[in-house]
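> how does the following fold in three dimensions:
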Amino acid sequence: MASQFGTKIKVQIFGQSHSAGLGVVIDGLPAGKKVDLEKVQSFLDRRAGGKNKYSTARKEADTPEILSGLKDGMTCGAPLCAIFRNANTRSSDYSKTEALLRPSHADYTAWIKYDGFQDRSGGGQFSGRLTLPLCFAGAVCMQLLEEEGIDIFSHILAIGDVKEEPFDLVDITKKKHENGAFPVLREEVGKQMVAYMEQIAEEGDSVGGIVEIAVTGLPCGVGEPIYDNVESCMSHVVFGIPAVKGIEFGMGFEGCLKKGSEVNDSFTMQGDSVVTATNHSGGIQGGITNGMPVVFRVAFKPTPSIYKEQSTVDFYGKKDAMLQIQGRHDPCIVPRALPCVEAAAAVVLYDLLLQK
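Below you'll find the predicted structure:
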């Protein structure tokens, strides 16, 4: 099924933006693992909207209702199922322009694929709201990774043309940002990003950006070549997050334009351990972790829902038309998307860790 991924850990996501609810089933979790639901909720709150000028005004409680899989706060071997009730929906915002194809949305492609029966309210199953159950799965797997000494760090690398420095690929010293704090390494750059997003929102436009993720503590040997290697599994799940347009590992595209002598990671001894002096490959060689920090970046396009008038097509009338989108939309999804990428990384890496 296209809404399911994983091998040892199978994650099935279901629901639509304006349906009665949405949720996730996580199958394959080892029994006897403690899950702190307060920590899960704290993680989910990071992707919630309605908290500032640069996110959607839609507010939902986003509190998981656990249907199965936990007994006294511990996994019990049964599939862990959590659902989230939708409450703050405004489907009428979409019914008024039902025949008009929204530029850069999935309206046209879904219309053709599903013979016009797709749910367009709030984007239906193509909505960013479907990242909520992904974040639940990620928050659970993140706790299980932490038990193994594996930590995930992240920050926003760029919002439009406002950029900050990337992680040091060898020494990841960034602490996890506190809930509610803008997730950047330098506070001053964060203030510039916020000011820019607020300006974009006032203009009725949108902007994209880049996030960076680093994972420490992974042992050497995680990854299943040829096609279930770390990069391919990570990319597969990350591209399930709406608006993702690219992913790169280590030095990424920049490193591909340099000489081998400039980017090869030389091996050296650190006590009894083999390490690399540099980490241009981002902790992955041959699709397998090498024990160094796994570092990758994900690029997000500008939110396609903008308040500026755009040209489009009236699909019912088969004629050109103009559209001015209504409703509640994020002028920049990057801050809310960051925990979604962390969640994807947590599920993918825990699944691969179990396979190892």
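
> ok, the closest residue to Tyr316 other than its chain neighbours - contacts?
In this structure, Tyr316 finds its nearest non-sequential neighbour in Ala99, 4.0 Å apart by C-beta to C-beta, 6 or more residues apart in numbering. For the C-beta atoms, the positions are set from N, CA and C on the backbone; glycine is no exception. Neighbouring residues of Ala99 by C-beta atoms under 8 Å, 6 or more residues apart in numbering: 314-317.

> Ser17 now?
By C-beta under 8 Å, 6+ apart, the residues touching Ser17 are 86, 89, 119, 121-125, 127, 129-130.

> which SSE is immediately downstream of the worst-scoring helix or strand of the chain on mean pLDDT?
None of the helices or strands of the chain scores lower by mean pLDDT, DSSP states H and E than helix 92-95, at a mean of 60. Next helix or strand after helix 92-95 toward the C-terminus (DSSP states H and E): helix 107-113.

> is it true that Val35 touches Gly73?
Yes: assessed by C-beta atoms under 8 Å, Val35 is found in contact with Gly73 at 6.3 Å.

> compare neighbour counts for those two and give me the winner.
A count of neighbours by other C-beta atoms under 10 Å puts Val35 above the other of Val35 and Gly73, at 18 against 11.

> tally of neighbours for the residue nearest to the more buried one when sequence neighbours are not counted?
Spatial nearest neighbour of Val35, chain neighbours left out: Val140 (5.6 Å); criterion: C-beta to C-beta, 6+ apart. Look at Val140: counted by other C-beta under 10 Å, it has 32 neighbours.

> picking up where we left off before, for the contacts of Ser17, which single residue is the most surrounded?
Result: Arg129 is most packed of the contacts of Ser17 (other C-beta under 10 Å), 27 neighbours.

> tell me the secondary structure at it.
Look at Arg129: counting by DSSP: H, G, I helix; E, B strand; the rest coil, its state is helix.

> what's the closest non-adjacent residue to it?
Nearest residue to Arg129 in three dimensions, chain neighbours excluded: Ser17, at 4.5 Å (C-beta to C-beta, 6+ apart).

> Gly287 now?
Nearest non-adjacent residue to Gly287, counting by C-beta to C-beta, 6+ apart: Asn229, 2.4 Å away.

> how about the contacts made by the one you found?
The contact partners of Asn229, taken as C-beta under 8 Å, 6+ apart, are 223, 284, 286-288.

> how about the strands in the stretch 101-250 of the chain?
With strands called from DSSP state E, counting those that start in this stretch, the stretch 101-250 of the chain shows them at 151-159, 162-163, 209-216, 244-249.

> Phe5 is nearest to which of those strands?
Closest approach to Phe5 among the strands of the stretch 101-250 of the chain is made by strand 244-249 (14.5 Å; C-beta to C-beta).

> tell me how far the closest one is from the chain's mean position?
In terms of C-alpha atoms, centre = their mean, to the nearest Å, the centre of strand 244-249 is found 11 Å from the chain centre.

> quick one: the residue nearest to Val35 and Gly28 touch, right?
No: taking C-beta under 8 Å as the definition, Val140 is not a contact partner of Gly28, at 11.7 Å.
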